[in-house]
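K.L.:
Structure, please.
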Amino acid sequence: MRGSAIPVTQVHLRVLESRVIRVVALWLLCVAPPAWSGALPRVVSINPCVDAVLVRVAQPGQIVGISHYSQDPEATSISLEIARRYHATSGTAEEVVALAPDVVLSGPHVSPSTIFALERMHIRIVKFSVAESVAESERQIRRIAEVVGAPERGEQVVGEIERALEAARPHDGRLISAVIWQGGGIVPGRGSLADELLGLTGYRNLSAEYGLAKWDVLPLEHLIASPPQLVLSMGGGGDAQDRMLNHPAVRELARRVAFREYPFRLLSCGGPTIVDAVNRLAAVRKSLEVSR
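P.N.:
I've put the predicted structure just below:
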């Protein structure tokens, strides 16, 4: 009927997306700079943890896009000064395609529609999971360095991690019981990278003894009834954003249990962040030894 509205369906949206991608591709052929003819590829990362490795192993001119999270002070695992040197995207297919990359590095939480669109454009995608151990993180570093054509830089980053771990290992054999407590009481447990780093730096993560899973909520009652010697808090023990840390019972607990700040960025990624994480854990351990 003339003048009637045509309902928008998923089919219409897919057709529209396909047309948009074709238009972008034709535009790239006309105006975009050609991909590097040498051995070094143009790279877009749409994962902030990958960003932290990429800026260490790639030539700056190779990096044509990073995740917008890396330019967010609350989410970045790299310095804002470094992150702001690069173009950031929200990870949509249109944004990525417009940058004409040779390869896209993605993480586990990318929209399936973005992956599908990039594959339709025959853009190479290398996917990475969340690293749950030092060994897995080091494998990812080597893989990213291999993709960008700089395996020797990957080995340099791995070497820094190994040296930091060796320096942070205690030699007295004493284990300090601890939990890492995020907002809302979420704690990392056995099988997580954070759990391994705690063990390597002289702590005993009480998560498993509380009966918690790899990532689980520690009820306040459990914490008060059987407290560790140390609570590593995202809020530093008194952040107004974390209501649990401002609970009167927790403030009372802080009279007999050490609370130390552990920035969220040290928990969210592996890679070079491991160096900062173990340095922080070693510094906290030293502060506890001094205060005894």
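K.L.:
Please report the number of neighbouring residues for residue 233.
P.N.:
23 (other CB atoms under 10 Å). Placement of C-beta: from N, CA and C, glycine included.
K.L.:
how close does it get to residue 179?
P.N.:
Residue 233 sits 9 Å away from residue 179 when distances are taken as CB to CB, to the nearest Å.
K.L.:
Residue ranges in this protein under the pLDDT threshold?
P.N.:
For the chain, the stretches flagged by pLDDT under 70 are 1-38, 235-244, 292.
K.L.:
Domain map for it?
P.N.:
Split into domains by automatic domain parsing, the chain comes to 12-129, 171-291.
K.L.:
Would you map the strands across the stretch 151-292 of the chain?
P.N.:
Ranges of strands in the stretch 151-292 of the chain, per DSSP state E, counting those that start in this stretch, are 176-181, 186-188, 203-205, 215-217, 230-233, 258-261.
K.L.:
so which of the ones you listed comes closest to residue 284?
P.N.:
Nearest of those to residue 284, taken as CB to CB: strand 258-261 at 4.8 Å.
K.L.:
buried sites along the closest one?
P.N.:
Using 16 or more other CB atoms under 10 Å as the test for burial, strand 258-261 gives 258, 259, 260.
K.L.:
So what sits opposite the last one in the bridge?
P.N.:
Using DSSP bridges, the beta-bridge partners of residue 260 come out as residue 232.
K.L.:
now it: how far from residue 46?
P.N.:
Distance, residue 260 to residue 46, using CB to CB: 33 Å.
K.L.:
Equivalent analysis for the first one, please.
P.N.:
For residue 258, the distance to residue 46 (CB to CB) stands at 39 Å.
K.L.:
okay, how far is it across stretch 100-118, tip to tip?
P.N.:
End-to-end distance for stretch 100-118: 11 Å, by CA to CA, to the nearest Å.
K.L.:
Kindly report the same for stretch 187-201.
P.N.:
End-to-end for stretch 187-201, by CA to CA: 18 Å.
K.L.:
That one: how far from the chain's middle?
P.N.:
15 Å (CA atoms, centre = their mean, to the nearest Å).
K.L.:
what does stretch 202-215 give?
P.N.:
21 Å.
K.L.:
for it, which positions count as buried?
P.N.:
For stretch 202-215, by 16+ other CB under 10 Å, it's 202, 203, 204, 205, 206, 207, 210, 212.
K.L.:
want to throw those residues into TSV with distance to residue 102?
P.N.:
Formatted as TSV, these follow (distance: CB to CB, whole Å):
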residue	distance to residue 102
202	44
203	43
204	46
205	41
206	47
207	42
210	47
212	43
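K.L.:
Measure how buried residue 195 is and give me the count.
P.N.:
Quick note: residue 195 (other CB under 10 Å) scores 21 neighbours.
K.L.:
picking up where we left off before, closest one to residue 155 among the domains of the chain?
P.N.:
So among the domains of the chain, domain 12-129 is nearest, using CB to CB, at 9.6 Å.
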